[in-house]
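Enquirer: how would this look folded up:
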Amino acid sequence: MKMKKIFAAVCFACLAATAFAVDSDDLQKAKDGLSNKLCSATEDILAGFEKLLPEANSLSGVQPDAYIGKLFPSVPPHFAAGINASVTPVKADFVFDNMKVISSAVSDMLKDVDAIGDVGDFDFGLDFPNTIPYPAASVNARVGGLFLPFDIGVWAVTTGNVFHNKSIGNSPTFDFDYTCVGADLRYAVLEGNLILPKISVGAGYQWVHQNIGVSFDKDFTSSFSYEGTNYTGKGSLDAAFNMKLDTHTFFGQIQVSKTILILTPYVGLKALFTTSNCDYDWNYETKVEGSKVDLLSASKSNSYKHTISENGIQTQIFGGLGLNFLLFQTTFNAAYNFSSNQFTGSLGFNVKL
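Expert: Residues are numbered from 1 along each chain as shown. I've put the predicted structure just below:
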């Protein structure tokens, strides 16, 4: 999110400084260079989230019991419902390194057009921690099957319009929305008894949508000339940045659990197959005395997809412990993805029969 906060300031600092006695070819070359680096940095950040989103939400539908029992015929019928909150520690490299790219792009822009002489390196002075905790949450439910030993689980969460066009004080206006929806089906290979554990195999699907946007406006006083035209008076800069990512994950899994008194330890293995749709756009528009200045305005948008073969197959081990108290179950869950080397931990609470 910090990258988005400074995006408009970057455009303003670069372009306002370049408008002094620069010929059109040099200016366009400089603008194109900045555009290419902004796009490259954005796509690198999207690539990081492509790996993160499926993993961060992978524990949303997990419950300790490998099989919860039949809905019918069964007395009482078997079902469970609850909430789950998780966190995935993420190395900040994919954000921090691209901040450096943008910093260098600003310096290069100013140097290329020789706007104000030797400007040195442009530094935003941002200090990122080595690791960023990425949160996720869901409401989930699981229902036992009819006659056959299977169960079906669903989970979902959305921020809706809670974080739509929000700003604090004089900060930029932010737009953020997040939605996760998933479902799976498990079949009990072994229903378990006093001695034997429960063993199930299953398959499922999860869709995660994330959108991050920021808009920014700044007023300034303009006094410069370009190719014989004077731009003098009150000026304004309006800038916006948006990044949208949708991931579609299909997975197969095997899970083993065993209830011992009030404890239900479990372990499982997943194979995840993900496709992703990426979209981003940015724009900035400068006006002087209400008239748009094209040479200080630009926009860019792009969309692309990654298939399962491009993203590769992810392998994950997951497990944890359930504490059972009559109709209530508290769960402690953890997962490790061997492909992305990402760890996720979660805490859940269920009501179950």
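Enquirer: got a list of what the residue most central in space within the chain touches?
Expert: Closest to where the C-alpha atoms of the chain average out (Cα atoms, centre = their mean) is F49, at 4.7 Å. F49 is in contact with Q210, L245, counting by Cβ atoms under 8 Å, 6 or more residues apart in numbering. To be clear about C-beta, it is placed using only N, CA and C from the backbone, and glycine gets the same treatment.
Enquirer: In the helix or strand harbouring C39, which residues are buried?
Expert: For C39, the element it lies in under DSSP states H and E is helix 24-56. Neighbour-count burial for helix 24-56, counted by 16 or more other Cβ atoms under 10 Å, picks out 27, 30-31, 34, 37-38, 41-42, 45-46, 48-56.
Enquirer: Same check on stretch 82-95?
Expert: G82, N84, A85, S86, V87, T88, V90, F94, V95.
Enquirer: Would you mind writing the CA trace of that stretch as PDB?
Expert: Output in PDB follows, covering the C-alpha atoms of stretch 82-95 (Å, rounded to 0.1, in the frame of the first residue of the first chain):
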ATOM      1  CA  GLY A  82     -17.400 -21.500  12.600                       C
ATOM      2  CA  ILE A  83     -14.800 -18.800  11.900                       C
ATOM      3  CA  ASN A  84     -11.100 -18.900  11.000                       C
ATOM      4  CA  ALA A  85      -8.400 -16.300  11.100                       C
ATOM      5  CA  SER A  86      -4.900 -16.800   9.700                       C
ATOM      6  CA  VAL A  87      -1.700 -15.000   9.000                       C
ATOM      7  CA  THR A  88       1.100 -15.600   6.500                       C
ATOM      8  CA  PRO A  89       4.500 -14.100   7.200                       C
ATOM      9  CA  VAL A  90       5.900 -12.800   3.900                       C
ATOM     10  CA  LYS A  91       9.300 -11.500   3.000                       C
ATOM     11  CA  ALA A  92       9.000  -7.900   2.000                       C
ATOM     12  CA  ASP A  93      11.500  -8.200  -0.800                       C
ATOM     13  CA  PHE A  94       8.900  -8.200  -3.600                       C
ATOM     14  CA  VAL A  95       7.600  -4.900  -2.300                       C
END
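Enquirer: could you give me the average pLDDT of it?
Expert: Mean pLDDT, stretch 82-95: 87.
Enquirer: Likewise for stretch 60-69?
Expert: 94.
Enquirer: Would you enumerate the residues in contact with the closest residue to F325 other than its chain neighbours?
Expert: Nearest non-adjacent residue to F325, counting by Cβ to Cβ, 6 or more residues apart in numbering: I262, 6.7 Å away. I262 sits next to L323, N324, F325 when contact means Cβ under 8 Å, 6+ apart.
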